[in-house]
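[1] Fold the following for me, if possible:
(one chain, ligands or ions: 1)
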Amino acid sequence: MMKFFNRQYATIVFSSDYIYGLPSAGEHQTFDMMKYKKIRDGLIEKNLLHRRAVLRPELCSYDDLRLVHTDKYLKSIQDPQVVSRMLRLDLYNLFYNSILEYFRAVTGGTLLATAYALKWNTPVFNLGGGYHHAHPDRAEGFCLINDTAVAIEKFRKLKRIKKIMIIDLDYHQGNGNLLFYKDDQNVYTFSIHADEWIAIDRPQNKDILMPSECDDQLYLQTLERELNDSCLSFQPDIVYFIAGSDPYIKDALGDMNLTRQGMFKRNQFVYRKIRQKKLPLVILAGGGYGIDSWEVYYDFIAYAIKNKY
Ligand SMILES: [Zn+2]
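    Presented below is the predicted three-dimensional model:
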């Protein structure tokens, strides 16, 4: 694998477990199950990525999940029926908890992305992850496991990182992360969203609520104004960027009006801002619904692979 992996360029984390675990029916049928495979295949087709350079994660261990989630909760989600109810899915498989396995795989992906981002200082994209609504003891908004918090806690325990910044540009507020880190001075949470769930006032947090139907100009002006050098004077050791595609005008759920070009500019701005400071960067997919959603993350990854930083 190392022959194909070039540490100077961005790369991706993906495995077939990311596809098979996802439910294809129920409340979340707006989710395009093939979204991430389309992205991977598109990158390979355009010669931007070698098949063997894709980093493949292991399922996250229970020891690692316990760094964030309670024993009681982890025990409860062993039952596929409980998981289906929590995520409001109509269908469940009584004998195989594929949804739990999906979340363990994606969380393993965020761990692997962090390891590579720290070891080589290579920007790494997980083709999934950013499940920012999950709490230690309960699921919320199709988030069963909080992969970002698990990765942060694991690498803190290993003493590889001390100060962490989460930049969350998903359409929805990252309430799970905000609550989890509300008393933690070493984690800065930054979020621009149109859907606010809670309000917490603390120095290491910026929550910016945008109007629905917000366009490229207003969004990009706000981002450039708010994600400024004073945020970055926090001096994180690593940045997690939850690059949710749901502010996209073609998104099946969100009601923001950002164009494909506007979404690209948003992602490019964050990418440059962080990489100019040579900070390790892990990018997580976050939300994004409907058949056109894949284009946004694809454009971003293609750009990052072409532009060495
Ligand atoms: Zn979202």
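[2] next one: stretch 98-117 to chain centre, how far?
    A distance of 11 Å separates the centroid of the chain from that of stretch 98-117, by CA atoms, centre = their mean, to the nearest Å.
[3] what mean pLDDT does it have?
    The pLDDT scores in stretch 98-117 average 96.
[4] Show me which positions of it end up buried.
    99-100, 102-117 (16 or more other CB atoms under 10 Å). Where C-beta positions appear, they are placed from N, C-alpha and C, glycine not excepted.
[5] After the lengthiest helix in the chain, which helix or strand is next?
    The single longest helix within the chain, with elements called by DSSP state H, is helix 98-120. Per DSSP states H and E, the first helix or strand lying C-terminal to helix 98-120 is strand 124-126.
[6] What residues of that following strand count as buried?
    Residues of strand 124-126 classed as buried by neighbour count (16+ other CB under 10 Å): V124, F125, N126.
[7] so which of those residues comes closest to I44?
    I44 lies nearest to F125 out of these, by CB to CB, at 14.2 Å.
[8] what sits against that closest one?
    Applying CB atoms under 8 Å, 6 or more residues apart in numbering to F125 gives the contacts A10, T11, I12, V13, A113, I283, A285, Y297, F300, I301, A304.
[9] what's the spacing between the nearest residue to A304 once chain neighbours are set aside and N307?
    Once flanking residues are discounted, A304 sits nearest to A10: 3.8 Å by CB to CB, 6 or more residues apart in numbering. Counting by CB to CB, to the nearest Å, the gap from A10 to N307 is 8 Å.
[10] quick one: K250 and Y289 touch, right?
    No - if you go by CB atoms under 8 Å, K250 and Y289 don't touch, sitting 9.6 Å apart.
[11] The longest strand seen in the chain and the ion, any residue contact?
    Longest strand in the chain by number of residues (criterion: DSSP state E): strand 187-193. No - shown here: strand 187-193 not in contact with the ion (CB under 5 Å from the ion), separated by at least 8.0 Å.
[12] Show me how far the helix or strand containing R266 is from its chain's centre.
    Assessed by DSSP H and E, R266 sits inside helix 260-276. Counting by CA atoms, centre = their mean, helix 260-276 is centred 15 Å from the centre of its parent chain.
[13] Could you do stretch 9-16 as well?
    Mean-position distance between stretch 9-16 and its chain equals 13 Å (CA atoms, centre = their mean).
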